[in-house]
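Novice: Predicted model and sequence follow; I will ask about them next.
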Amino acid sequence: MIIAGTIIIVIVLAFDVYAHIVGLDPLVTGYQTLSPPSIEHVMGTDQLGRDLFSRVSLGTTFSLLVAFISVIISVSVGSIIGALSGFFGGRIGQATSLLFDALYALPSLLIAILIATMIGPGVVNTGLAIGIGYMPQYFRIVRGIILSIKERPFIESARAIGAGHGTLIFHHMMPYAIPSIIAIMTLNMGSGIVEVSSLGFLGLGLPPPTPEWGTDLGRGRDLITAGAWWPSTFPGLAIVISVLGFTLIGEGLDEIFRATSTRKKETF
Amino acid sequence: MKLRTWILFRLLLTIPTILILVTVVFAIMRILPGDPVVAVLGSTGASVQQIEAVRHQLGLDKPLYLQYVDYVGGLFRGDFGYSMVRGDPVARELADHLPQTIELTFWSMLLAIPLGIYSGIFAAKKAGGKIDASIRIGALVRWCIPVFWFGLVLQILVVQLRLPFPIAGRASPRFVRVAQVTGLYVVDAILAGDARALVDAFAHLALPVVTLGTFMAASLTKIARANIVDVLGEEYIKVASLKGCSDERVFQKHALPNALIPILTYTGLQVAMLLQGAILTETVFSWSGLGALLIEAVSYRDFNLIQGCVVLFALFVCITNLIVDISYAVVDPRVRL
Amino acid sequence: MLAFWVVCEEMKRSYLAIVGIILIAIFTISVGYYATKPAPRQPRQYPTVVLGATVGILTNLDPGQAYGSGDLSLNNVVFDPLYEVPPIFPAAKLAPRLAASDPIVSADSLHWTIALRQGVKFQDGTPFNATAVKFSFDRMKDLKSYSSWILDSVQSIDIVDLYTVRLNLKYPNAALKGALTMPVAAPVSPSAVNRMGLESFQALPVGTGPFKYVEWVKGDHLTLAPFEDYWNMSRVPKVNVVYKIFSDSAALKLALEKGDVDIAWNYIAFSDYASLETDPSIKHVVAAQGSQQLLHLNVGMPDSPLHDVRVRKAIAFSIDQKEISEKIYHGVYTPSEETFFLPGFYPKPSWTQYKPTNIAKAKELLNAAGYPNGIDVTLAFNPVAFGRETGDVAALIREQLGRADIRVTLRTAERAALNAGQFEMSVGLVTPDYLDADSVASFVTSHSWLARKVRLNDTLVDLLAQQAVGTTDPAQREKTYGDLQDRLANLVVFVPLVNVITYQFYRTNVIGVLPYYFQYTPWWTIDKKTS
C-alpha cells in the first residue's frame, strides 16, 4: 500500500517538475478563452485564456508547500505542548487539556477560515491557519502517550540517575510517540491539501493569480452552466490523486505500526 | 462513582469548553481589520458622522472588555445579541438557518451510518479477500475526494447528461409552501399531505445528501472494518467458536455488540467533520444553512453573528460528545470513575 | 458474558419502547398543531409569475429599515413614495406619486411644502393623509436605521392640513426630491404598525402600493398579490409575483431554462449570456442600472508612490477599459466616459483625456515622477461580493499595468477590510442610492466614508458638491457637476472602468418586462400569457 502511495506521489511531483523545467507559464492570458481540451492545451483554457495544464501542474508546488508548512507547524507546536502538558500534569496539564479539547470541538476548517481571514492570504499565512486547526490532534496523542508511560519503571530509573526534564521528555519518552506521529503527519499532508483547496474554493486561499487548485475550482464553478466542464474537473482530479497518494502512505504506515504494537501485546 | 454524579460532572464540563471557544472567537474577531458598519454602509453615501452614530448605537465604541462582558452576560440569558449587518436578533437568524443544516446532516448521516457500517462489516467478514480489498480501496478513494469537488462533479454530470435532478436549492419555485411548521421540508410536506412537495424536497436533497453521506460513510467503513477485525481476533471469540456456536451466531451475539459500541462512539465524535462537510456542501448546493450563514458573516465581520454560529457549532459538537460519553458510561461502568 | 447480553436485550426493549412512544407523541402533537392552524388565504385567481434573483438579503422588509437591493426593489412596488422615477428610458423628470404636485420650496430653501394626493387607501383599508406621512417620517427617524440617513437633511415635518405637509430642512438640499423616491421615505400604515407590533410588521409591512405582501418564507421566497383598491387604476397588477431567492446564478439560469422561473431578475453570470441569448424561449431587456466599477487609489498611504498625481495619471493611461469590457464582460459592460457616472443626468465625458491607452505616456509620467524603473503597488479586491469576475478584472488590470512597469501584487480581502482603506489600490463598485447626481457626489466629499478610505480631502470638491446640491436651478447644477467631474478627473483618485448594466432574462410567455433604474422596479406592468 505504501508503495502504491509513493508511486502516485512521485508521478504527481513529476508533473510539477516537468512544468518547472519546461517553463510553463500559468499567468499568460493570450490564448483563446474557454476552449475545451485539445492537443495544444491538454486540459483546455480558462475564462481568461490561460492554459489549464500549466496552472494545474504548477499548482502542485503551492498545494504541497502549504500543506507541508501546516503539518510542520501543527506537529511541532502540538507535540511539544502535549509533551509538556503530559509530563508536568497537574493544573497546567488540566488547563491546556481543556483548552485544546475546546479547540478540538470546532471543525478544523472553521478555525482555518477564521484565522485566514485574520492574517490574510499568503503561503505561510495559509499554512499557519491550517496548522493551528490540526494542533489538538498531536497534543492529544503525545499527551496521552506521555501520561501512559510517565510512571513506567524505566522512567523512574532514568530519573533516579539524575536525568533532567528535557532529557526525560525528548530522549526517553518522545520516541514512543514517534510512530503514531509520523503516520498522522502523512495523513495530515493529505487533509492539508484538501483544506488548502477548500479555503481556495471559498475565496480565502492564496492570493490570485497564483495557480491553486481550489481557487481555480471555485472560479470554474460558475462556468459549468456555460458548458465548460474542464476548469472544474482537472484541478479536482489533481487534488484527489495527490491526497490519495499521501493517504495511502499514511494508512500503510498506520497498519505497520498497529501490527507491531499488537504483536507486542501478544507476547505476554 | 454513581451514574448520576458522573453525568452531572460531565455536563458541567461543557460550560468551560464553550466559554473558552467564545472567548477565543471574540478575541480573533476583534483583532481582525475591518468594521462591520463600514462593510454594510460602505456602498452608500453615508458620511463618517452617520457611520459613527450607527457604531455607537451598536455599542461598538465601548472598550473591548465591556463589550465582552456584555456579550457573555447576554449569552447566559440566551441573548445572542443583534446581527450588525442584518439588524435582527442573531438568535432568530440562527433559528431560521438551523433547520436547513439539520435536514442536510440528518439525511446524510441516515445514509452514511448504514452504508458505512454495513460495508465495514461486510468487508470484515470477508477479510483478506478481493471483496474486502475493493471495499477498502473504494472507501479510501472516496475519503480522498474533497466534499465540494464531489458535489461539483455531480452537478456537472447532471448538467451534461441532462438528468432530471435539481442541482441547487431546497425546493422548486413552483411549490409555495403554505405551512412552515418545522422548517424541515420533508417533514412539512408530510404534515401538509403534499405528495408532490415531498417528492420535490427529496429530489433536492438527493445530490447534497449523496455528496455528504458517502463522504461520512467512507470514514465509517474504515473504522467499522478495523474494529470488527480486531474483535474477531479476540480470545473470547475463539472460545465461542470452540464451544460449537455457528459462525453467524458467534458474529451476531458476541462480536457485533462489542464492536458496535466503539463504532457508534466514533460516529458520534465525527460531528465536527460532519459540520465541516456541511459548510462546504451548503456552499456548493446553495443550501442556505448555518454554514452558508457563517461564510457570509465572516466576510462582513458581523461579530455577533459569527460568534453565534461558532457557539452553535460548538454546542452541537459538545452535546453529541456528551451523549456519546453518557451512553458509554451507562453501558460500561468502568468508565465512570 | 451471557448476563451482559441479556441485560442489553432488556435495555434494548425498553429503550425501543421509550423511543417509540416519544416518536408517536411528537407526531401526534405536530399533526394536531398543524390541523388546528388556520390556513392563510391564498390568492388564486391571478396567474403567478416567478421572479428569480440571487440578491437581496431580505431579513427585514420594514421600509424604515430595509436597505438591500432586493428589499428596496420589493418595497418599491408595495409602497408608494411621494415622488417616483417614472419607468421611462432614458430618465425623465421625477413625477409626483403620493404627492399631488411638485413641492413648493421656500425662499431660503429650508422649507418644502408638499400637497398630498387624495382618495388614497392603505392596503389594510385605512385612509392615507398627512397624519400617516408624519407618523411614518417620525417613525423612520426613531428607528435610526442604516437607511434613515438618506433623509438626514430633514429636521422635522409639520402637518399643515389634512392633505398638506411641510418638511423643515437643516440645510438646503436640492437632491431631497430624489431622496424622497426611496422606499425609506414612503408612508406606512399607522394602524397596521400599531396593530401588528414591530416583528410582524417587519415581516409583512403594509403600504399603499400596487402590490401587497402575502407571505414570506425567509431565505426561500416571498409572495406578492395585487392590491385591488390601488388608487391608480391603470397600474393595478394582473399577476401574483413570487420572488424566489437563489444563492447562485447557475441555479437561477437552470431554473429559467427549465421554466421554473419566469423572470431571472438579477445577476446571471456573463459566461451564460451567450447561451441564453440563443435560446428561442428566452428574451431579454437591458436596464442601465447606474452602477460603475472603478479603481480606488489611496492617496494617503505612507511610503506609497501614489502620493504623486503623475503616478496616478500614469495608472490612468495604462488601463485599457476596452480590453476589460470585451474580454471579461463580453462587451455587456461598456467603458466609462465619465469619472462618475449617473445615467441620463448631467453627463460629461470628463475621462476622455486619458483615452486611448497610452503606455508610452504612462512611462514618461513615471519617469518624470522619479520612477524610471517603475513602481510596486498592491491591488486588493473581494473575490465573491461583487461577482466572481472581479478576480479576473484584477488579474487583467495587473497585466495591463505591468506593461508600463507598474508591478502589481494582488490580494483578496474581505468587504470590511477593503472598506477600511487598508490597501493602496482596490477594485470597487459605486451604486447611487437614488436618481440624483448628489447621491454620487456625496461619495467624494471629505465627510464620506469613501473619501476617508482613499484619504481624499479636497476643498474644491467639497465646495462644488455643496454648491450643486444647494440650488434647485437645473442649469446651475449641471454646470457645477460638470466642474466637479473635471476636478475629479484631474485628481485621479478614482479611475473609472466600466458602466454596469443589467440584463433581465425572461421567458417568452411573459410580457410587460420593462427596463428600469437601480431599484425602481415597475413590476405592475408584468403579465403572463396563458396560451
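Specialist: Happy to help now that I have it. Here the structure is a predicted model, which means the values were calculated and not measured. Residues are numbered from 1 along each chain as shown, chains lettered A, B, ... in the order given.

Novice: Residue C:78 is in contact with residue C:204, isn't it?
Specialist: No: taking contacts as Cβ atoms under 8 Å, residue C:78 lies outside contact range of residue C:204: 9.5 Å. (Glycine included, C-beta is placed from N, CA and C.)

Novice: So if I had to pick from these two, which one is more boxed in?
Specialist: Taking neighbours as other Cβ atoms under 10 Å in any protein chain shown, residue C:78 and residue C:204 compare with residue C:78 leading, 25 against 18.

Novice: And that one, how close does it get to residue C:224?
Specialist: Separation of residue C:78 from residue C:224 (Cβ to Cβ, to the nearest Å): 7 Å.

Novice: which residues are common contacts for those two?
Specialist: Common neighbours of residue C:78 and residue C:224 (criterion: Cβ atoms under 8 Å, 6 or more residues apart in numbering or on different chains): C:211, C:212, C:213.

Novice: shared neighbours of residue C:78 and residue C:204, which are they?
Specialist: Common neighbours of residue C:78 and residue C:204 (Cβ under 8 Å, 6+ apart) are residue C:213.

Novice: pLDDT below threshold where in chain C?
Specialist: C:1-17, C:27-44, C:55-59, C:89-92, C:144-147, C:219, C:287-289, C:342-345, C:531 (pLDDT under 70).

Novice: try 50 this time
Specialist: Confidence mapping of chain C against pLDDT under 50 gives the ranges C:1, C:3-4, C:37-39, C:43.

Novice: remind me, longest strand of it?
Specialist: strand C:282-297 (DSSP state E).

Novice: can you tell if that strand touches chain B?
Specialist: No: in terms of Cβ under 8 Å from any Cβ of the partner chain, no part of strand C:282-297 sits within range of chain B; the closest distance is 9.2 Å.

Novice: what's that strand packed up against?
Specialist: Helices and strands touching strand C:282-297, by 3 or more Cβ pairs under 8 Å, 6 or more residues apart in numbering or on different chains; DSSP states H and E, are helix C:273-277, helix C:309-318, strand C:425-430, strand C:494-507.

Novice: Describe which strands that strand pairs with in its sheet and in which direction.
Specialist: When pairing is defined by DSSP bridges, strand C:282-297 lines up against strand C:425-430 (antiparallel), strand C:494-507 (antiparallel).

Novice: Pretty sure residue C:400 sits against residue C:321.
Specialist: No: the criterion here is Cβ under 8 Å, and residue C:400 misses it with residue C:321 at 9.7 Å.

Novice: Need the overlap of contacts for the two.
Specialist: What both residue C:400 and residue C:321 touch, as defined by Cβ under 8 Å, 6+ apart, is the set residue C:357.

Novice: Tell me which of those two has more neighbours.
Specialist: When residue C:400 and residue C:321 are compared for neighbours, residue C:321 comes out ahead with 24 against 21, by other Cβ under 10 Å.

Novice: helix, strand or coil for residue A:21?
Specialist: helix (DSSP: H, G, I helix; E, B strand; the rest coil).

Novice: Kindly apply the preceding question to residue B:275 instead.
Specialist: helix.

Novice: list the contacts for residue B:74?
Specialist: Residue B:74 neighbours (Cβ under 8 Å, 6+ apart): B:80, B:81.

Novice: quick one: which helix or strand includes residue B:68?
Specialist: helix B:64-76 (DSSP states H and E).

Novice: just the residues of the stretch 201-350 of chain C that are near chain A, which are they?
Specialist: C:248, C:249, C:250, C:253, C:254, C:269, C:271, C:272, C:274, C:275, C:327, C:328.

Novice: how about JSON lines for the shared contacts of residue C:78 and residue C:224, with neighbour count and secondary structure added?
Specialist: JSON lines is the format used below for these (neighbours: other Cβ atoms under 10 Å in any protein chain shown; DSSP: H, G, I helix; E, B strand; the rest coil):
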{"residue": "C:211", "neighbour count": "26", "secondary structure": "strand"}
{"residue": "C:212", "neighbour count": "25", "secondary structure": "strand"}
{"residue": "C:213", "neighbour count": "20", "secondary structure": "strand"}
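
Novice: So which of those residues is the closest to residue B:287?
Specialist: Closest approach between these and residue B:287, by Cβ to Cβ: residue C:213, at 25.4 Å.

Novice: circling back: now tabulate the helices and strands packed on strand C:282-297 in CSV and tack on mean neighbour count.
Specialist: CSV is the format used below for the helices and strands packed on strand C:282-297 (neighbours: other Cβ atoms under 10 Å in any protein chain shown):
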stretch, mean neighbour count
helix C:273-277, 15
helix C:309-318, 24
strand C:425-430, 23
strand C:494-507, 22
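
Novice: ok so, going back, alpha carbons of the helix holding residue B:68, as CSV, please.
Specialist: This file holds the C-alpha atoms of helix B:64-76, laid out as CSV (Å, rounded to 0.1, in the frame of the first residue of the first chain):
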residue,chain,number,x,y,z
LEU,B,64,-13.3,45.8,24.5
TYR,B,65,-13.7,44.3,27.9
LEU,B,66,-17.1,45.9,28.3
GLN,B,67,-18.2,44.5,25.0
TYR,B,68,-17.0,41.1,26.1
VAL,B,69,-18.8,41.3,29.4
ASP,B,70,-22.0,42.5,27.7
TYR,B,71,-21.8,39.6,25.3
VAL,B,72,-21.1,36.8,27.6
GLY,B,73,-23.7,38.1,30.1
GLY,B,74,-26.2,38.1,27.2
LEU,B,75,-25.3,34.5,26.3
PHE,B,76,-26.2,33.3,29.8
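
Novice: before we move on, back to that, of all the helices and strands packed on strand C:282-297, which lies closest to residue A:127?
Specialist: strand C:425-430 (25.7 Å).

Novice: where does the stretch 201-337 of chain B have low pLDDT?
Specialist: In the stretch 201-337 of chain B, no residues with pLDDT under 50.

Novice: For it, list the residues in contact with chain A, please.
Specialist: Residues of the stretch 201-337 of chain B lying near chain A (Cβ under 8 Å from any Cβ): B:272-273, B:275-276, B:279-280, B:283-284, B:294-295, B:298, B:306, B:310, B:313-314, B:317-318, B:321.

Novice: can you do 6 Å?
Specialist: B:272, B:275, B:276, B:298, B:314, B:317, B:318 (Cβ under 6 Å from any Cβ of the partner chain).

Novice: The residue in the stretch 251-400 of chain C positioned nearest to chain B is in what secondary structure piece?
Specialist: With Cβ to the nearest Cβ, the shortest gap between the stretch 251-400 of chain C and chain B falls at residue C:251, namely 3.4 Å. Applying DSSP H and E as the criterion places residue C:251 in helix C:249-258.

Novice: Centre-most residue in chain C?
Specialist: Nearest to the centroid of the C-alpha atoms of chain C, with distances taken as Cα atoms, centre = their mean, sits residue C:69, at 3.7 Å.

Novice: ok, that residue to chain B distance?
Specialist: 10 Å (Cβ to the nearest Cβ, to the nearest Å).

Novice: for stretch B:79-90, what is the average pLDDT?
Specialist: Confidence for stretch B:79-90, expressed as mean pLDDT, is 76.

Novice: That one: which residues count as buried?
Specialist: Under the neighbour-count criterion of 16 or more other Cβ atoms under 10 Å in any protein chain shown, stretch B:79-90 has B:80, B:81, B:82, B:83, B:84, B:85, B:86, B:87, B:88, B:89, B:90 buried.

Novice: What is the burial count for residue C:18?
Specialist: The number of residues near residue C:18, taken as other Cβ under 10 Å, comes to 10.

Novice: Confirm that it sits in a strand.
Specialist: No: with three-state DSSP as the criterion, residue C:18 is helix rather than part of a strand.

Novice: what separates it from chain A, distance-wise?
Specialist: Distance of residue C:18 to chain A, computed by Cβ to the nearest Cβ: 29 Å.

Novice: From residue C:25, how far off is that residue?
Specialist: 11 Å.

Novice: what do you get for residue B:285?
Specialist: According to Cβ to Cβ, residue B:285 stands 33 Å off from residue C:25.

Novice: try residue B:208
Specialist: 30 Å.

Novice: what do you get for residue B:71?
Specialist: Separation of residue B:71 from residue C:25 (Cβ to Cβ) stands at 37 Å.
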